[in-house]
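*Asks:* I would like the atomic coordinates for the input below:
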Amino acid sequence: MANLATAVASLVETKKYATLRDILSTMNAADIAVLFDDLEKPLIPLLFRLLPKELAAETFVEMETDQQQMLIKGLSDSELKEVVDELYIDDAVDIVEEMPANVVKRILMQADPDTRKMINELLQYPEDSAGSIMTTEFVELRPHLTVEDAIKAIRRTGVDKETINICYVTRADRTLYGFITIRRLILAQPDTLIGDLADTNVLYCSTMDDQETVAQMLHKYDLIALPVVDGEKRLVGIVTIDDAIDVLQDEVTEDIEKMAAMTPSDKPYLKTSNFSLFLHRIPWLAALMLAATFTELIINYYTRRLEMFGEIAGAMLLACIPMLMGTGGNSGSQASVTVIRGLSLNEITFADTLRVIWKEFRVSLLCGAALAVVNFGKMLLMNVLVYHYEGAAYHAYILAAVSICLAILSTVFVAKLIGCTLPILAKRIGFDPAVMAGPFITTIVDVTTLLLLFGLAQLVLTHIRF
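*Replies:* Numbers count the residues shown, from 1 in each chain. Predicted structure coming up:
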């Protein structure tokens, strides 16, 4: 794309606008938006004006918010009106939500009264609800229409609809009756009634349903659109698959950021200021650092009492702390990420808690035993290659190795138990399960790991006199 940007800039410099228009007209709107990212800002309004009207509107939707804002300021009222008139309602709402008040006012002033009314209605729905992402531009048919009349109606009104592949059949009071595909419509006899052809087993959602739930329905049932109804089952809009993909992408991004102990951001990484990144990260970093105080207290407590373990065992216990804490954190994160993903896909519910615990219990025993055996073999090899302990020293070394391996087994078990239960409990009480992943669980597991390590070591080594 960088080479194309250089070529486009060269054509602008030589004022070959007809060539530029031909090149841009063959490109996809999303690719043009990416191209604009690589160009100097003064060139963007010029190139935007070269685009055909429909392509210009599609490109405008794909552009970043700051570029849209800059472009709006540079367009005349008539040019802005052309863009707004070509936008689908849901896209117009998304743009309005991202813009400052003065820019929003100008956009709404250029919209026709009906469009302005629909935008204002959609803006009243709660954020992250189905109503906030739906479009009101869909094909609506009545049961008493014949196929011939329905096709005429689609030809007359379908040009401005977001999709005509699925047509929705409603009664006189606009309550949802069913749906019919354009394929079935075209293949039917002209005098057949729509009510007889329509599939009445129709999936739908409510305006107040969570947008992520709606997106998952579209994915689960392989739908290209999902009707949205109000409290009286009147059809008020549809959510299309492109909006569902955007929702799922945003939700996944948000979950990843939460799992990495960051406050979610709605801006791309390279367009986010350093100070903004600092503000998103520092609260969690500070909280986790303070939470690590418990780890510090435990290490300090047992460091002052290392003589109870003996010189060799005490040194080994201190040396294995990073390994044990890392193993525990990784084990907890594996369980939590798996469970969080299952929760987000509705594969796991609160009712499955005992099944999840039982599964992770068995997995933890297998993982813990395998890691303990590998670690014990490693410690035997280390003695041969590095330490060369013999006699009483070797006896102390072996008992310390046994203590550490028991700690590994216990740590993996406890870490996986914590990792699988905390996300389920978090969702049960209304928190986002993603918050319970990564650093949060690691901090809890670190404290538990140290208590297990020193507790088991004290239990195993108490009968030895140094």
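*Asks:* got the domain boundaries for this protein?
*Replies:* Annotated domains of the chain cover 2-124, 140-246, 272-461 [automatic domain parsing].
*Asks:* mind checking which of those domains is nearest residue 257?
*Replies:* Minimum separation from residue 257 across the domains of the chain (CB to CB) falls at domain 272-461, 7.8 Å. Glycine gets a C-beta too; all of them are placed from N, C-alpha and C.
*Asks:* Could you report the neighbour count for residue 392?
*Replies:* 13 (other CB atoms under 10 Å).
*Asks:* could you say what helices and strands the helix or strand that contains it packs with?
*Replies:* Residue 392 is part of helix 391-428 when elements are defined by DSSP states H and E. In terms of contacts (3 or more CB pairs under 8 Å, 6 or more residues apart in numbering; DSSP states H and E), helix 391-428 is packed against helix 311-344, helix 353-382, helix 439-461.
*Asks:* residue closest to the middle of this protein?
*Replies:* residue 252 (1.3 Å; CA atoms, centre = their mean).
*Asks:* contacting residues around stretch 57-70?
*Replies:* 29-30, 32-33, 36-37, 41, 44, 48, 51, 71, 82-83, 86-87, 91, 94-95, 98-100, 103, 268, 271 (CB atoms under 8 Å, 6 or more residues apart in numbering).
*Asks:* tell me the contacts of residue 421?
*Replies:* Residue 421 neighbours (CB under 8 Å, 6+ apart): 353, 356, 357.
*Asks:* Would you show me how to pick out the buried ones of those residues in ChimeraX?
*Replies:* The buried subset of these, as determined by 16 or more other CB atoms under 10 Å, is captured in ChimeraX by this line:
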select :353,356
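*Asks:* ok, the contacts of residue 421 vs residue 424, which is closest?
*Replies:* Out of the contacts of residue 421, the member with the shortest distance to residue 424 (by CB to CB) is residue 353, at 5.4 Å.
*Asks:* you'd agree that closest one is up against residue 423?
*Replies:* No - counting by CB atoms under 8 Å, residue 353 stays clear of residue 423, with 10.5 Å between them.
*Asks:* average pLDDT for stretch 190-201?
*Replies:* In this model, stretch 190-201 has a mean pLDDT of 93.
*Asks:* Can you give me the end-to-end span of it?
*Replies:* Terminal residues of stretch 190-201 lie 23 Å apart, using CA to CA, to the nearest Å.
*Asks:* Just the buried residues of it, please?
*Replies:* For stretch 190-201, by 16+ other CB under 10 Å, it's 193, 194, 195, 197, 198.
*Asks:* Give me the spatial nearest neighbour of the last one, chain neighbours excluded.
*Replies:* What that stands for is residue 198. Sequence neighbours aside, residue 178 is the residue nearest to residue 198 in space, at 3.6 Å (criterion: CB to CB, 6 or more residues apart in numbering).
*Asks:* If the one you found is in a bridge, with which residues?
*Replies:* In this entry, residue 178 is beta-bridged to residue 169, by DSSP bridges.
*Asks:* Tell me how many other residues surround it.
*Replies:* The burial count for residue 178: 19, using other CB under 10 Å.
*Asks:* same question, residue 83
*Replies:* Applying other CB under 10 Å, we find 24 residues neighbouring residue 83.
*Asks:* okay, the nearest residue to residue 380 once chain neighbours are set aside: pLDDT?
*Replies:* Nearest residue to residue 380 in three dimensions, chain neighbours excluded: residue 401, at 7.5 Å (CB to CB, 6+ apart). Per-residue confidence at residue 401 stands at 90 (pLDDT).
*Asks:* Residue 401 touches residue 377, doesn't it?
*Replies:* No - using CB under 8 Å, residue 401 is not in contact with residue 377, being 9.9 Å away.
*Asks:* Show me the shaky parts of the chain.
*Replies:* 1-2, 258-270, 435-439, 462-466 (pLDDT under 70).
*Asks:* what are the ranges of the strands in it?
*Replies:* Taking DSSP state E as the criterion, the chain carries its strands at 140-141, 166-170, 176-181, 205-206, 225-229, 235-240.
*Asks:* can you tell which of the ones you listed is closest to residue 107?
*Replies:* Nearest to residue 107, of all the strands of the chain, is strand 235-240, at 20.3 Å by CB to CB.
*Asks:* so how far is the closest one off the chain centroid?
*Replies:* A distance of 23 Å separates the centroid of the chain from that of strand 235-240, by CA atoms, centre = their mean, to the nearest Å.
*Asks:* Repeat that for stretch 204-217.
*Replies:* 16 Å.
*Asks:* then that stretch to PDB, C-alphas only?
*Replies:* Only the C-alpha atoms of stretch 204-217 are listed here, as PDB (Å, rounded to 0.1, in the frame of the first residue of the first chain):
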ATOM      1  CA  TYR A 204     -35.400 -12.600  16.600                       C
ATOM      2  CA  CYS A 205     -34.000 -10.500  19.400                       C
ATOM      3  CA  SER A 206     -35.200  -7.600  21.500                       C
ATOM      4  CA  THR A 207     -34.000  -4.000  21.300                       C
ATOM      5  CA  MET A 208     -32.600  -4.300  24.800                       C
ATOM      6  CA  ASP A 209     -30.700  -7.500  24.300                       C
ATOM      7  CA  ASP A 210     -26.900  -7.300  24.700                       C
ATOM      8  CA  GLN A 211     -25.100  -6.700  21.400                       C
ATOM      9  CA  GLU A 212     -22.600  -9.500  22.000                       C
ATOM     10  CA  THR A 213     -25.500 -12.000  22.600                       C
ATOM     11  CA  VAL A 214     -27.000 -10.900  19.300                       C
ATOM     12  CA  ALA A 215     -23.700 -11.200  17.400                       C
ATOM     13  CA  GLN A 216     -23.300 -14.800  18.800                       C
ATOM     14  CA  MET A 217     -26.800 -15.700  17.600                       C
END
